[in-house]
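S.K.: here is my input, please return the structure:
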Amino acid sequence: MSEAVQGLDEEQGLDEGQGAAGQGSGGERRWVVGVVPWGVAAGAVAWCLAGGWRAAHTQNYPWNVWTPVGYGAVKGVFLGLLAGWCAVVVLRFVPADRWRAGGGAAARLAGPVFAGGLLGGLVPGTLRDFLGEPQPRTLYYFDGPRPESQWYWGPLLAEWLTYTVLPAFGCAVLLTVGAVVSARSSRRDRFGWAVPAVVGVGLLFLPDWAAAGLPEPQGSGDHVNESAGAGLVVLATGLGLLLSAWAVRSRRGPRRPVGPRAPVLTPPRSSPTPPRSARDGG
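M.R.: Residues are numbered from 1 along each chain as shown. You can find the predicted model right below:
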């Protein structure tokens, strides 16, 4: 994941001497750095909120009511990662002079980023809802698939709009805002590791926060371990993001200037031969 979190920081840097219209001192690297990390953060927030809505409207055991929140946040990390990559791909294929030339290029960056982010967030859930087996979204989590007569078309459309379209739209909006902020920032390189680190820390605290005040599991069976399993998944994802952020920070090293390289001034070298006046005794 560390390669993806870098947001194509190193792959997409152009040579400084290309001189493309509106390319500026930072080259194309200025516009793509930080896009993928912001996608991870946006996806985690969007699908975590969707999981909270599902938790409030899904029957479940009292000690497991928080699990849709945790699974939603983890799902959002990977869907946001996909949305960020799709946004970068769209930026690569859209002609650069349409959004990068002239003034206000950072604002015009929003269109391609939003389109790519929305596409990446919509496609997986749409394929699952329309081509997969019917999902028991309002029943206990261990129930089997619904009969087709109870899935098409009202429940299917409600599920698709609530848990696929709205989170994907929110993820695309947050991703766009983050990408524009990164493009306008003079310290945009730091977003590549700082944003995943913040999301990772948030995931580490999410199980304790979401499950606070819930009763202890009772009885025996899979439903007893469901909460613990969800917590492990969330913690593992958070640790993965922290490791990715550390790897990106370590590989990047000291911050390099983005603008043109300044000339290096060296002191004049002293001649090993003394002047003639010194040799002649003054």
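S.K.: output the below-cut-off pLDDT ranges for the stretch 1-150 of the chain.
M.R.: Along the stretch 1-150 of the chain, segments meeting pLDDT under 70 span 1-33, 95-107, 136-145.
S.K.: the protein: helices as residue ranges?
M.R.: For the chain, the helices defined by DSSP state H cover 2-5, 29-32, 35-56, 67-93, 105-108, 110-131, 154-160, 166-184, 191-210, 222-252, 276-279.
S.K.: and these: which comes nearest residue 216?
M.R.: Taking Cβ to Cβ, helix 222-252 is the member of those nearest to residue 216, at 9.6 Å. Glycine gets a C-beta too; all of them are placed from N, C-alpha and C.
S.K.: output the contacting helices and strands for the closest one.
M.R.: Applying 3 or more Cβ pairs under 8 Å, 6 or more residues apart in numbering; DSSP states H and E, we find helix 222-252 packed against helix 2-5, helix 67-93, helix 191-210.
S.K.: please identify the deepest-packed of the ones you listed.
M.R.: helix 67-93 (a mean of 24; mean count of other Cβ atoms under 10 Å).
S.K.: stretch 156-175 spans what distance, first to last residue?
M.R.: 27 Å (Cα to Cα, to the nearest Å).
S.K.: export the helices of the chain to JSON lines and tack on distance to residue 146?
M.R.: JSON lines is the format used below for these (distance: least, Cβ to Cβ, whole Å):
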{"stretch": "helix 2-5", "distance to residue 146": "35"}
{"stretch": "helix 29-32", "distance to residue 146": "42"}
{"stretch": "helix 35-56", "distance to residue 146": "16"}
{"stretch": "helix 67-93", "distance to residue 146": "18"}
{"stretch": "helix 105-108", "distance to residue 146": "45"}
{"stretch": "helix 110-131", "distance to residue 146": "12"}
{"stretch": "helix 154-160", "distance to residue 146": "8"}
{"stretch": "helix 166-184", "distance to residue 146": "22"}
{"stretch": "helix 191-210", "distance to residue 146": "27"}
{"stretch": "helix 222-252", "distance to residue 146": "20"}
{"stretch": "helix 276-279", "distance to residue 146": "101"}
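S.K.: of all the ones you listed, which one is nearest residue 148?
M.R.: Closest to residue 148 of the helices of the chain is helix 154-160 (Cβ to Cβ; 9.8 Å).
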